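>>> Quick one: sequence plus predicted model below, questions after.
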Amino acid sequence: MRAKIVAGNWKMNKRLEEAEALVFGICQSLKDATIDDAYQLIICPPALYLNTVQDVISEEDRSQIFVGAQNCHEKDAGAFTGEIAAPMLTDLGISHVIIGHSERRSYYGETDELLKAKVENALRNDLSVIFCCGEQLSVREENGHFDLVEKQVRTALFHLSPEQLSNVIIAYEPVWAIGTGVVASPEQAEEMHAHIRQLLTTQFDATLAANTTILYGGSCKPANAEAIFSKPNVDGGLIGGASLKADAFVELYKILREVA
Ligand code: PEP
C-alpha cells in the first residue's frame, strides 16, 4: 500500500545553526515513536544545508527520515548559473525533490511544460519526485479548480511509465491556502485528492492509483491536521510554516500515524 508521509518544506528559512538545531530537534522528538516503514518524514531544507541535515540524521533514523531538495534543473549539467542539477543531488545521497511548488510557478515562471522536463530529469537521476499542483483562489471561485489541477497533472505526469509514476508523490496545494493561515476544509481536500486518484486510475490503472501517495499542503498544522489526515484519499501533508518547529512537525507525523 501507499506510504503515508509528512514532508517539510523549509523554503529559504533558517541560518546554519538553526537548521542544525531544527533537524536535531526533529530526531530527538521522534525518539519515542517506533519505526514503521509505512510512515515517512521528509525534510526539504535549503540546498546549502542538505548535507548538514543528512549528517545530523542517524543511520537508524534514516529508515524513516528522508532528505529532499526543494527544486532542481531540467538538465544534467551546463551553463546555468546558480542552478542545481539532479545528478548533484543524487551524488549527495538525496532521495527526493520537490517539483512545481506554486512559489516556483509564480515567482520563477515555471510552466507545466518545464515541470514535465524537470520531473523526467529528476526521475532519470533516481530521485523520487514530490510533484505539486493546485489552483489559485480566482480559479476556484470560477469553479475551474478540477480542470486546472487535471491539466497540471496531465502535462507533467501522464507521459510517465507506470514504473516512473511509482516514484512520484503528488502534493495538492491550493495556492490560496499556502502560508495564508486559510486551510482547505477536509472535504475540499478529499474531493480534490479523490479527483486526482481517479485521473490516475483512468490514465494508468486502479492499482497504481491506489499506491500513489497524495499529500495535502496549505496552512496545515497540528490543530487542523487530524480532520484532514483522516480523509481516505489524504496520505499526509506537505508542510511549510509548521515544519520550521520541531515539535509541531513531529506532532503532525504522530497525528498522521494515529489517524491513518
Ligand atoms: C507549502 O509552501 O508547501 C506550504 C504548504 O506552506 P504552509 O504550510 O506554510 O501553508
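That came through fine. Numbers count the residues shown, from 1 in each chain.
>>> CA atoms for contacts and neighbours, from now on please.
Will do.
>>> Tell me how many other residues crowd F146.
Neighbours of F146 under the rule other Cα atoms under 10 Å: 16.
>>> Now do the same contact list for it.
Residues near F146 by Cα atoms under 8 Å, 6 or more residues apart in numbering: M192, H195.
>>> Phi and psi next, for A189.
phi -60, psi -50 (degrees, to the nearest 10).
>>> residues in contact with it?
Y172, Y216, I228, V234.
>>> how far away is I99 from the ligand?
Taking Cα to the nearest ligand atom, to the nearest Å as the measure, I99 falls 11 Å from the ligand.
>>> I figured V119 was touching T155, is that so?
No. Contact criterion Cα atoms under 8 Å: V119 and T155 do not qualify, at 10.6 Å.
>>> Same drill for these two, tell me which one is more crowded.
V119 (29 against 16).
>>> and stretch 224-241 with the ligand, contact?
Yes. Stretch 224-241 is in contact with the ligand by Cα under 6 Å from any ligand atom, via L238, I239, G240, G241.
>>> Residue numbers of the stretch 151-260 of the chain in contact with the ligand?
Remark: the part of the stretch 151-260 of the chain in contact with the ligand comprises A177, I178, G179, G217, G218, S219, C220, L238, I239, G240, G241, using Cα under 6 Å from any ligand atom.
>>> Quick one: which of those residues has the lowest pLDDT value?
pLDDT across these is lowest for G179, at 91.
>>> what sits against it?
Neighbouring residues of G179 by Cα under 8 Å, 6+ apart: G218, S219, G240, G241.
>>> mind running it again at 7 Å?
G179 sits next to G218, S219, G241 when contact means Cα atoms under 7 Å, 6 or more residues apart in numbering.
>>> Filter the residues you listed down to just the ones in helices.
Of the contacts of G179, none are assigned to helices by DSSP state H.
>>> Can you tell me which of the residues you listed is closest to L48?
G241 (19.3 Å; Cα to Cα).
>>> Show which residue of the protein lies farthest from the average position.
A79 (28.1 Å; Cα atoms, centre = their mean).
>>> what's the helix or strand for that residue?
Using DSSP states H and E, no element contains A79; it sits outside every helix and strand.
>>> May I have the phi/psi pair for it?
The phi/psi pair for A79 (degrees, to the nearest 10) reads phi -90, psi 80.
>>> before we move on, what about A69?
Taking degrees, to the nearest 10 as the convention, A69 sits at phi -100, psi 160.
>>> Spatially, what comes nearest to it if we skip its sequence neighbours?
V97 (4.6 Å; Cα to Cα, 6 or more residues apart in numbering).
>>> how about the helices of the stretch 101-250 of the chain, start to end?
Assigned by DSSP state H, counting those that start in this stretch, the stretch 101-250 of the chain shows helices spanning 102-107, 112-124, 137-141, 145-157, 162-165, 186-203, 206-210, 222-229, 246-259.
>>> show me the contacts for R105.
Applying Cα under 7 Å, 6+ apart, the residues contacting R105 are T111.
>>> Swap in 6 Å and give it another go.
For R105, no residue counts as a contact, taking Cα atoms under 6 Å, 6 or more residues apart in numbering as the criterion.
>>> Please report how far it lies from E173.
Applying Cα to Cα, to the nearest Å, the value for R105 to E173 is 12 Å.
>>> Over to Q188?
For Q188, the distance to E173 (Cα to Cα) stands at 11 Å.
>>> When these two are compared, which one has more neighbours?
The neighbour comparison of Q188 against E173 (other Cα under 10 Å) goes to E173, with 27 against 12.
>>> Many thanks, I have nothing further to ask.
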